[in-house]
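A.B. asks: quick one: sequence and predicted model below, then my questions.
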Amino acid sequence: MNTCRSCDALIIWARTPAGRLMPLDVAPNPEGNVTLEDGRVRVLGAVAAGQRRAMGVPLFMAHHVSCPQGRPRH
């Protein structure tokens, strides 16, 4: 685990299928849309995320979404 340089929150890093690193919030989030499968990130659409939630699969949130210093929200 690491900490975010902007807000000091605990984060984990995982690789996307393309090999890029994505920071994730440590705790699963009921509004999340990211799964961790074999150490890899998979970003899900709304329908797939809802299906996974219904099955009890823990979903995570990309940290740039929840970070107070992250991208501006519209």
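C.D. replies: Great, that's in hand. Since this is a predicted model, take the numbers as computed values, not measurements.
A.B. asks: and the strands in the protein?
C.D. replies: Assigned by DSSP state E, the chain shows strands spanning 2-3, 10-15, 21-25, 34-37, 40-43.
A.B. asks: any chance you could map the helices in this protein?
C.D. replies: 46-54, 63-66 (DSSP state H).
A.B. asks: now tell me what touches the last one from outside.
C.D. replies: In this structure, residues lying in contact with helix 63-66 by Cβ atoms under 8 Å, 6 or more residues apart in numbering are 4, 9, 11, 23, 24, 25, 29, 70, 71. Quick note: C-beta positions are derived from backbone N, CA and C, even for glycine.
A.B. asks: could I get the CA-only coordinates of it as PDB?
C.D. replies: Taking C-alpha atoms only, helix 63-66 is exported to PDB below (Å, rounded to 0.1, in the frame of the first residue of the first chain):
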ATOM      1  CA  HIS A  63      -8.700   7.000  -6.400                       C
ATOM      2  CA  HIS A  64      -8.700  10.000  -8.800                       C
ATOM      3  CA  VAL A  65     -12.600   9.900  -8.500                       C
ATOM      4  CA  SER A  66     -12.700  10.100  -4.700                       C
END
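A.B. asks: buried ones in it?
C.D. replies: Using 16 or more other Cβ atoms under 10 Å as the test for burial, helix 63-66 gives 63, 65, 66.
A.B. asks: who is the nearest residue to the first one once chain neighbours are set aside paired with across the strands?
C.D. replies: Leaving aside its chain neighbours, residue 63 sits nearest to residue 23 (4.0 Å; criterion: Cβ to Cβ, 6 or more residues apart in numbering). Residues in a beta bridge with residue 23, per DSSP bridges, are residue 13.
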